[in-house]
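Student: Got a sequence here, can you model it:
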Amino acid sequence: MATNTNFTINVNDLISSVFGSNRDRNDLAVGIQNECGETIKLDFYVDHGSLRDADDGNKVAQGELWEAGVHAKGAGSNITMNITMPNGSGWAIMAATPVNKENYFKIATSESGYSSSKAAYTAADKTSKHYSSDGIYDGTHNGYNAVVSMTGDSPAACTIVLEKASS
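Tutor: Next comes the predicted model:
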């Protein structure tokens, strides 16, 4: 079942919004668009790099776009989002920009959510890499769809759109 992708996140606007003119190779901007019909909760964990900017709060209202950015340090950058859906289920989505390799993301899901962003990182890190050249991920879990994409450029942008699954 395909997700309604009529709403888009402009990756150039996302990168400019997060980094302005202070952007470097292997930096990573993330945008999460909530189209679930209800508020979602999220927190994040940065394993490589340094947090450049993140929208305030841990709740994203219906129709809102949440943004964050990570400046690369040494071996690139990565950030894992621990997303809790209105029904308590969870998505763990890690986005990464490794040095001199293709950008990728990893996804894990949980019926009961994750206890922390570090637990979400551990779960996502055990899954397969979805490279930027693999195209869009469009998956359903516990009543919600996620459409995730990652640019192959540097700085990179990972976009995530979440919505209620069609019945």
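Student: ok but Thr140 is inside a strand, no?
Tutor: Yes - note on Thr140: a strand contains this position according to DSSP: H, G, I helix; E, B strand; the rest coil.
Student: Tell me what it is bridged to.
Tutor: Asn145 (DSSP bridges).
Student: And the strand or helix carrying Ile15, what does it pack against?
Tutor: Secondary structure from DSSP states H and E places Ile15 in helix 11-19. Applying 3 or more Cβ pairs under 8 Å, 6 or more residues apart in numbering; DSSP states H and E, one finds that helix 11-19 contacts strand 28-35, strand 50-54, strand 65-71, strand 156-164. Yep, even glycine has a C-beta here, placed from its N, CA and C like the rest.
Student: now the chain, which segments are flagged as low pLDDT?
Tutor: 1-7, 18-23, 53, 167 (pLDDT under 70).
Student: Nearest to Ser110, out of the helices and strands packed on helix 11-19?
Tutor: Ser110 lies closest to strand 156-164 among the helices and strands packed on helix 11-19, at 14.7 Å (Cβ to Cβ).
Student: is it true that Tyr114 touches Asn82?
Tutor: Yes - assessed by Cβ atoms under 8 Å, Tyr114 is found in contact with Asn82 at 5.0 Å.
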